[in-house]
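> Based on what follows, work out the 3D shape:
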Amino acid sequence: MSLSLFIEDWRGWLPKEAAATVKPSRLISAQPGGELPAMLRRRLDDAGRATCDILRELDPLADAPLVHASRHGDTMHTLAMLESLQRGEPISPTRFSMSVHNAILGVHSIARSHHRPLQALGACGDEFDALIYESHGYLMAGYPSVVAVFSESSLPAAYQGVTEHPGTACVVGMRFTLNQGRAITVSKPGQGTSPTPINVLNWLNGETAFLDGRQRWHLEQE
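Purely as a prediction, here's the structure:
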């Protein structure tokens, strides 16, 4: 497989109790969301706020296409709505609006007056590969850069042990180009594992030699 893609810049976020598990390089504040208007900030959990912070830092002029991937999304909202239905109670319209997969990008676009393409992805564990392919498609369409963010929120106790999860909320964002930054290459098909944002952070920090998804991804060293 031939792919011309470069990572020009990146950022990561972990909650304070998990931040020691990766190198601090390019991690944003463990208390995210300070730049969001209060009315929008309270709609998001910490992972959602961190996603908005990272999008703002990597796309300061709000002029790049944005792609956001999450395997599970904000399951707290989804579970709360299911529990409401079980009790025979009506569903909160606000909670419903924040449970959809593109909710975080919607909040960010309102806060930043962003009018470029927005895309939300869920890929059953193949989120990183999907981010790569979708970002490359926007670049081939003529955009000079694309910002892609991969996030996971905290998992409610009811779902723990039932689905794969990194064990903590986590976010990583990357700005892709076709010719500037560190080159991404593919050596062979991967092992079909499901990289998490923490796996991607360790890869970007040089802690691992490659990242296995559907493909085996390598990154040129700084």
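> Mind jotting down where the helices sit in the protein?
Here the chain has its helices, by DSSP state H, at 38-41, 46-58, 75-86, 93-99, 103-112, 127-140, 197-204.
> Quick check: buried residues in the second one?
Residues of helix 46-58 classed as buried under the neighbour-count rule (16 or more other Cβ atoms under 10 Å) are 46-58. (Each C-beta comes from the backbone N, C-alpha and C, glycine too.)
> what mean pLDDT would you report for it?
Across helix 46-58, the average pLDDT comes to 97.
> Over to the fifth one?
The pLDDT scores in helix 103-112 average 96.
> what residue is smack in the middle of the protein?
residue 150 (1.7 Å; Cα atoms, centre = their mean).
> got a list of what the closest residue to residue 63 other than its chain neighbours touches?
Leaving aside its sequence neighbours, residue 63 sits nearest to residue 116 (Cβ to Cβ, 6 or more residues apart in numbering; 6.1 Å). Residues in contact with residue 116, defined by Cβ atoms under 8 Å, 6 or more residues apart in numbering, are 62-66, 143.
> distance of residue 116 from residue 56?
Shown here: residue 116 relative to residue 56, a distance of 14 Å by Cβ to Cβ, to the nearest Å.
> next one: residue 128
Where residue 56 is concerned, residue 128 sits at a distance of 22 Å (Cβ to Cβ).
> just checking, residue 108 touches residue 52?
Yes: with contacts defined as Cβ atoms under 8 Å, residue 108 counts as touching residue 52 at a distance of 4.6 Å.
> returning to what we had before: possible to save the contacts of residue 116 as JSON lines with pLDDT, neighbour count and distance to residue 219?
Putting the contacts of residue 116 into JSON lines (pLDDT from 0 to 100; neighbours: other Cβ atoms under 10 Å; distance: Cβ to Cβ, whole Å) gives the following:
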{"residue": "62", "pLDDT": "96", "neighbour count": "16", "distance to residue 219": "27"}
{"residue": "63", "pLDDT": "96", "neighbour count": "12", "distance to residue 219": "25"}
{"residue": "64", "pLDDT": "98", "neighbour count": "23", "distance to residue 219": "20"}
{"residue": "65", "pLDDT": "98", "neighbour count": "22", "distance to residue 219": "22"}
{"residue": "66", "pLDDT": "98", "neighbour count": "27", "distance to residue 219": "21"}
{"residue": "143", "pLDDT": "97", "neighbour count": "18", "distance to residue 219": "21"}
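> can you list these in a markdown table and add distance to residue 91?
Output for those, formatted as a markdown table (distance: Cβ to Cβ, whole Å):
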| residue | distance to residue 91 |
| --- | --- |
| 62 | 32 |
| 63 | 36 |
| 64 | 34 |
| 65 | 32 |
| 66 | 28 |
| 143 | 37 |
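> Neighbours of residue 40, how many?
Residue 40 sits with 17 neighbouring residues when counted by other Cβ atoms under 10 Å.
> again, but for residue 59
Taking other Cβ under 10 Å as the neighbour definition, residue 59 ends up with a count of 22.
> which residues does it contact?
Contacts for residue 59 were tallied using Cβ under 8 Å, 6+ apart; they are 66, 114, 147, 175.
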